[in-house]
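A.B. asks: dropping a prediction and its sequence here:
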Amino acid sequence: MELLDMDIDPVRLESSLWVGKKRYRAALTGWHLNWTELDKKNRDKKTVSVPVSEVIGVEEGRVQVLPQMSVAEDTDREFTVFYVKRSSSGSPYGLLWRLGRTQFCCPSRDLRDQWMTQLRIALKTHSPSRPHRLLVFINPFGGKKQGRQIYHSLVAPLFELAGISSHVVVTERANQARDHILKKDLTGFDGVVCVGGDGIFSELLHGVIGRTQQEAGLSEHDPSITLQSCDLHIGIIPAGSTDCVCFATVGVNDPVTSALHIIIGDSQPLDVCSVHHCSSLVRYSVSLVGYGFYGDVLAESERHRWMGPLRYDYSGAMVYLSNRSYAGVIQYLPADSQLSSPRDNTRCLSGCSVCSKGTERLFPHSPGARSLYSSHFSQFSSDTEGEWVSVEGRFRAVSLTCMSSSCPRSPLGLSPSAHLADGTGDLIIVRDTHPLGFLTFLHRHTSTQDQFDLPFVDVHRVKAVRFSLPTGEEEDRDEERERVNDGGMTEEGKRPSRSGSHKHLVERGEERGQKDFLCGLCCSKAPTVSVWNCDGEILPHTEISCRQEEARSGGNILANEGAITRVNNRYNSNIKLFF
Ligand SMILES: CCCCCCCCCCCCC/C=C/[C@@H](O)[C@H](CO)NC(=O)CCCCCCCCCCCCCCC
Ligand SMILES: Nc1ncnc2c1ncn2[C@@H]1O[C@H](COP(=O)(O)OP(=O)(O)OP(=O)(O)O)[C@@H](O)[C@H]1O
Ligand SMILES: [Ca+2]
């Protein structure tokens, strides 16, 4: 009978070892390192079992790592194993990971050397997807401005222990990380990591997607092509204000947990949505593309950046009290409702069957091929226009989210049953309603109550969305048209979202909608047009088209630990994050 590689267990070692004053039977089986106390009292033979894939490092002597690597005692019969240890705390969707450490003592130096050698061979053999070299971008101004400290005190020692070499860039300006990825030599790097929030993550995402398309000779602006898959993984060390991408994938926003996921090479694909204005790419999104409430909150919060993460709560309250709704026309292309629905009460976890089945069904094309629904997406076609659904009215909020967008503020997220990598997004339409109704809607984001079970809220699983102003708002559209040639992709020094100044926008001749919006905050005149919040950036256009891209970014979800702990679909997707 022919043996498959997987059946061979080349690394096997078993011996008695001491941990402290207790004697153990330790065994390395190739896939696991186990140790069982040899004590008559240990009748039920309790065994500690660590998968080799979760071993972080093996060091000679009695070693500690945090706050920094040091050898407490170096005897020639001891070695220390570091591994992933699940803590009992976290969120319902992800546990905190900590660095576990056990110091073993062998009867002889020879045996110690044998253990060290075999463990290192096992690590190499069974952890092929681990990164060896990482390019790390730290945003020193994200969140509570702790990025540098978080990286150097919590993350760098773990990378060092795991034998990962990292090149660190502390950013000095917005978009530096994106430009670095677009232009610099990245040979030898297995991945790029950001230390910060959703904004710096978005820079990495745009850099990685953009560079891959450049190298493939594809135009990101052409809405009719499918983007080329990206080999470079993205990792996130959360140090921002919302940390939505990290929270929605890992289940917690904790730097050590994310560092450990990155080290062991965990990977999870993520849907990416592209936002176009006319035929130009404006931005990519993985989390929220939101008009009305979330756009207004973001625009208002930019004026209060000095408040740090609290700016969102303050601005949220201000915007809520201003009691606004906006007219618009929403068109959407529904996804196949037989595959899944935003109200089916499922929760997407790593290894999710909807994501693995749905992706293949939704995107059977190879990269570079013409997009499955390019004709649906075209502004001026189409033969299949009939599939689009149109809704016109006044809205409190229009939100499109590719994933649940859960975050510490809303642990279940904007759409709790959204999938991370199924090729669809959830469109949440909150029609105009009385203030108490809208407050109920918002408040339900903080609990397990269903925010969609309200008469003025609709949710649809979609493949694409278009938004336009109703007829009669032509002036806005005309002004927008003049801006089409701007391209839309934010350029260095032209950062409408984070510039945070009313005057600044007006001087630059931004579209009337944005002027209206900003006036609405300081004058009594209610604005007629809101702005789009795209993963925390304000878009420079009101009329946009969004579609799910075949290109994806991965992050790891290890929510509900124990159910599914490893992702087996590594490297099968276009863009991946690892944590
Ligand atoms: C009564 C309590 C209601 C609490 C309602 C909480 C709803 C929270 C929903 C969070 C959704 C996050 C979606 C993620 C978006 C990210 O891609 C993006 C980039 O980081 N973040 C934001 O745009 C940042 C968006 C931040 C939005 C914060 C909204 C806070 C609303 C506070 C309303 C207070 C009403 C008080 C009435 C007196
Ligand atoms: N050195 C820098 N100076 C100014 N801005 C920067 C710098 N580096 C990155 N940025 C920009 O800062 C913005 C915010 O960063 P980041 O997302 O890390 O933090 P945050 O906004 O506090 O968190 P979140 O996005 O999770 O709400 C991003 O848009 C990023 O492009
Ligand atoms: Ca999705």
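C.D. replies: Sure, I can see it. Ligands and ions are numbered 1, 2, ... in the order given.

A.B. asks: so what does the residue in the stretch 201-350 of the chain that ligand 2 sits nearest to look like in phi/psi?
C.D. replies: When distances are taken as CB to the nearest ligand atom, the stretch 201-350 of the chain approaches ligand 2 most closely through residue 240, which lies 2.8 Å from it. All C-beta atoms are positioned from the backbone trio N, CA, C, and that covers glycine. Backbone torsions for residue 240, taken as degrees, to the nearest 10, come to phi -120, psi -160.

A.B. asks: over to the one 4 residues further on?
C.D. replies: Phi and psi for residue 244, reported as degrees, to the nearest 10, are phi -70, psi -40.

A.B. asks: and it, what does it touch?
C.D. replies: For residue 244, the contacting residues are 198, 287, 288, 405, 406, 407, 535, taking CB atoms under 8 Å, 6 or more residues apart in numbering as the criterion.

A.B. asks: follow-up on the earlier one: how far away is the residue of the stretch 201-350 of the chain closest to ligand 2 from residue 208?
C.D. replies: Remark: distance between residue 240 and residue 208 (CB to CB, to the nearest Å) = 18 Å.

A.B. asks: filter the contacts of residue 244 down to the ones in strands?
C.D. replies: If you go by DSSP state E, these have residue 288 in strands.

A.B. asks: closest one of the contacts of residue 244 to residue 150?
C.D. replies: When the contacts of residue 244 are ranked by distance to residue 150 (CB to CB), residue 198 comes first, at 15.8 Å.

A.B. asks: now do the same for residue 48: helix, strand or coil?
C.D. replies: Local secondary structure at residue 48 is given as strand here, using DSSP: H, G, I helix; E, B strand; the rest coil.

A.B. asks: surely the residue of the stretch 201-350 of the chain closest to ligand 2 touches residue 143?
C.D. replies: Yes - applying CB atoms under 8 Å, one finds residue 240 in contact with residue 143, separated by 4.5 Å.

A.B. asks: those two - which one has more neighbours?
C.D. replies: Neighbours of residue 240 and residue 143, each counted by other CB atoms under 10 Å, are more numerous for residue 240; the result is 27 against 21.

A.B. asks: spatially nearest residue to that one, not counting backbone neighbours?
C.D. replies: Nearest residue to residue 240, sequence neighbours excluded (CB to CB, 6 or more residues apart in numbering): residue 197, at 1.5 Å.

A.B. asks: so how far is residue 246 from that neighbour?
C.D. replies: Between residue 197 and residue 246 the distance, using CB to CB, works out to 9 Å.

A.B. asks: ok, the residue in the stretch 451-579 of the chain that ligand 2 sits nearest to - contacts?
C.D. replies: Nearest to ligand 2 in the stretch 451-579 of the chain, going by CB to the nearest ligand atom, is residue 536, at a distance of 4.4 Å. The neighbourhood of residue 536, defined by CB under 8 Å, 6+ apart, consists of 197, 198, 199, 202, 242, 287, 288, 298, 497.

A.B. asks: circling back: need the overlap of contacts for residue 197 and residue 246.
C.D. replies: The contact sets of residue 197 and residue 246 overlap at residue 238 (CB under 8 Å, 6+ apart).

A.B. asks: that older thread, shared neighbours of residue 240 and residue 143, anything?
C.D. replies: 196, 197.

A.B. asks: and the host helix or strand of residue 397, what does it pack against?
C.D. replies: Counting by DSSP states H and E, the element that carries residue 397 is strand 389-401. Judged by 3 or more CB pairs under 8 Å, 6 or more residues apart in numbering; DSSP states H and E, strand 389-401 is in contact with strand 288-292, helix 293-302, strand 326-334, strand 425-431, strand 457-468.

A.B. asks: most tightly packed of these?
C.D. replies: Relative to the other members of the helices and strands packed on strand 389-401, strand 288-292 carries the highest mean neighbour count by mean count of other CB atoms under 10 Å, namely a mean of 27.

A.B. asks: now the angle from that one to strand 389-401?
C.D. replies: 120 degrees (axes from the mean of the first three to the mean of the last three CA atoms, to 10 degrees).

A.B. asks: on that earlier part again, and the residue of the stretch 201-350 of the chain closest to ligand 2, what pLDDT?
C.D. replies: pLDDT for residue 240: 95.

A.B. asks: and what of residue 28?
C.D. replies: Looking at residue 28 specifically, the model assigns a pLDDT of 96.

A.B. asks: likewise for the one 10 residues further on?
C.D. replies: On pLDDT, residue 38 comes in at 88.

A.B. asks: around ligand 1, pick out the residues from the stretch 151-300 of the chain.
C.D. replies: Residues of the stretch 151-300 of the chain lying close to ligand 1 by CB under 6 Å from any ligand atom are 197, 198, 242, 244, 287, 288, 294, 297, 298.

A.B. asks: tell me the least confident of the residues you listed?
C.D. replies: Ranked by pLDDT, these bottom out at residue 242, which has 91.

A.B. asks: what count of nearby residues applies to the nearest residue to that residue once chain neighbours are set aside?
C.D. replies: The spatial neighbour of residue 242 that comes closest, neighbours along the chain excluded (CB to CB, 6+ apart), is residue 407 at 5.0 Å. Using other CB under 10 Å, residue 407 has 25 neighbouring residues.

A.B. asks: mind checking which of the contacts of residue 244 are in helices?
C.D. replies: In this view, these that belong to helices under DSSP state H are residue 198.

A.B. asks: tell me which two of the contacts of residue 244 sit farthest apart.
C.D. replies: The widest separation within these, taken as CB to CB, falls between 406 and 535 and amounts to 14.3 Å.

A.B. asks: centroid residue for the protein?
C.D. replies: residue 245 (3.0 Å; CA atoms, centre = their mean).

A.B. asks: for residue 130, see how far away it is.
C.D. replies: Remark: distance between residue 245 and residue 130 (CB to CB) = 22 Å.

A.B. asks: next one: residue 175
C.D. replies: For residue 175, the distance to residue 130 (CB to CB) stands at 30 Å.

A.B. asks: what number of residues lie near residue 151?
C.D. replies: Using other CB under 10 Å as the criterion, residue 151 is surrounded by 25 other residues.

A.B. asks: pLDDT score for the residue nearest to the centre of the chain?
C.D. replies: According to the model's per-residue confidence, residue 245 sits at a pLDDT of 94.

A.B. asks: quick one: contacts for it?
C.D. replies: For residue 245, the contact set (CB under 8 Å, 6+ apart) comprises 198, 201, 236, 270, 286, 287, 403, 535, 555, 577.

A.B. asks: now it, what's its secondary structure?
C.D. replies: Following three-state DSSP, residue 245 is assigned to helix.

A.B. asks: over to the one 3 residues further on?
C.D. replies: Put simply, residue 248 is helix when judged by three-state DSSP.

A.B. asks: that one contacts residue 268, doesn't it?
C.D. replies: No - between residue 248 and residue 268 no contact is recorded; they are 10.4 Å apart, counting by CB under 8 Å.
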